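Chemist: Just the structure for this:
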Amino acid sequence: MNILLTGGSGFIGSNLSKELLKNDENRLIIVDNLLTGSLNNLESLLDNENVRFVQHDVQDHLEIEEKVDYVLHFASAASPVAYTENPVNTLKAGSLGTINTLGLARKHNAEYFLASTSEVYGDPLITPQNEDYWGNVNPNGERSMYDEAKRFAEAATATYARTYNLKTKIIRIFNTYGPNMQLNDGRVVTNLIVQALNNEDLTLYGDGTQTRSFSYVSDTVAGILAMMNSEFYEVFNIGNPYEMTVKELAETILSLTDSKSNIIYQPLPNDDPKQRKPDITKAKEKLNWEPKVDLETGLTHTIDWIKKELSK
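Modeler: Residues are numbered from 1 along each chain as shown. I've put the predicted structure just below:
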């Protein structure tokens, strides 16, 4: 297939790129403005004759003349630091970027895949969260540039599917971690690991009882590929249903790094979700997918990778 992937130099995008290129018949056009991504993440791919990199911001019109079979839209700032520092770009990636990439898919009669997020559920009032839940989101809040951009992106994707008979798929990605994350991205896993390795205080927000469910990146990518290869044009949660408090995460990281750090507490940011747990029943039944990497194994791999990055 000829596959166009926006956000392909980012964390999940770069890991997905490597998996897509394991099939020698795939040709990959990676589109990225490098706002939060890095060409270092693609270092092993750029010399591949089946890869073309285009530095471009998806909020601007994108014209691809060669035939495209699949459009995957992953472009967006996705960490608290990134979307807080780039709020307008985040809004435009989810709105204009989605419309532009949907238009490209329509032009080529290509299948379309939207990378959405568990943040569309906001601060959920039910647990676990299933695909039929509409969410509890503050449309004017400090995180709304990300949450509502993704909710708009889903609405746009569904509208193009209904109006133009476009074949579309939507994935709601729950907290994912692993190699190629930005070390200063504000995500809880990278924050805590870097602090632990530097023997700095581990910073938790609120009282540490808010919950998250963490998926190792290879599991998330496997879920994406299972969706791509399926005949289901629907919305799927992809994440790990193992739920834990962020304090338990911090204690696990302290143990795995043998760190001498202490845990300290800071005020909880506005609209920070109190819980997050995916219901993956639909993915298990229809895609035959479920996560395989347990938390300690995934954290160990991530810690080893971050150690190497810090030593550079």
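Chemist: ok, which stretches of the stretch 201-312 of the chain are helices?
Modeler: 217-228, 246-257, 281-282, 295-311 (DSSP state H, counting those that start in this stretch).
Chemist: Dump the longest one to PDB, keeping only the CA atoms.
Modeler: Output for helix 295-311, consisting of C-alpha atoms alone and laid out as PDB, is shown next (Å, rounded to 0.1, in the frame of the first residue of the first chain):
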ATOM      1  CA  LEU A 295       3.600  -2.700  33.400                       C
ATOM      2  CA  GLU A 296       6.900  -3.700  35.000                       C
ATOM      3  CA  THR A 297       8.300  -5.100  31.700                       C
ATOM      4  CA  GLY A 298       7.200  -2.000  29.800                       C
ATOM      5  CA  LEU A 299       8.600   0.400  32.400                       C
ATOM      6  CA  THR A 300      11.900  -1.500  32.500                       C
ATOM      7  CA  HIS A 301      12.300  -1.100  28.700                       C
ATOM      8  CA  THR A 302      11.400   2.600  29.000                       C
ATOM      9  CA  ILE A 303      13.800   3.200  31.900                       C
ATOM     10  CA  ASP A 304      16.600   1.600  29.900                       C
ATOM     11  CA  TRP A 305      15.900   3.700  26.900                       C
ATOM     12  CA  ILE A 306      15.700   6.900  28.900                       C
ATOM     13  CA  LYS A 307      19.000   6.100  30.600                       C
ATOM     14  CA  LYS A 308      20.600   6.000  27.200                       C
ATOM     15  CA  GLU A 309      19.000   9.300  26.200                       C
ATOM     16  CA  LEU A 310      20.100  11.000  29.300                       C
ATOM     17  CA  SER A 311      23.700   9.800  28.800                       C
END
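Chemist: and it, what other elements does it pack with?
Modeler: strand 176-177, helix 188-197, strand 215-216, helix 246-257 (3 or more Cβ pairs under 8 Å, 6 or more residues apart in numbering; DSSP states H and E). Heads up, the C-betas are built off the backbone N, CA and C, glycines and all.
Chemist: With distance to residue 107, mean pLDDT and mean neighbour count added, can I get those in TSV?
Modeler: Listed next are those as TSV, based on distance: least, Cβ to Cβ, whole Å; pLDDT from 0 to 100; neighbours: other Cβ atoms under 10 Å:
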stretch	distance to residue 107	mean pLDDT	mean neighbour count
strand 176-177	31	97	24
helix 188-197	38	96	22
strand 215-216	33	98	25
helix 246-257	44	97	18
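Chemist: what's the closest of the ones you listed to residue 290?
Modeler: Checking these against residue 290 by Cβ to Cβ gives strand 215-216 as the closest, at 10.5 Å.
Chemist: circling back: now render the helices and strands packed on helix 295-311 as a markdown table, adding distance to residue 57.
Modeler: Listed next are the helices and strands packed on helix 295-311 as a markdown table, based on distance: least, Cβ to Cβ, whole Å:
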| stretch | distance to residue 57 |
| --- | --- |
| strand 176-177 | 23 |
| helix 188-197 | 25 |
| strand 215-216 | 28 |
| helix 246-257 | 33 |
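Chemist: For residue 128, find the nearest of the ones you listed.
Modeler: Using Cβ to Cβ, these put strand 215-216 closest to residue 128, at 13.6 Å.
Chemist: Cheers, nothing more for now.
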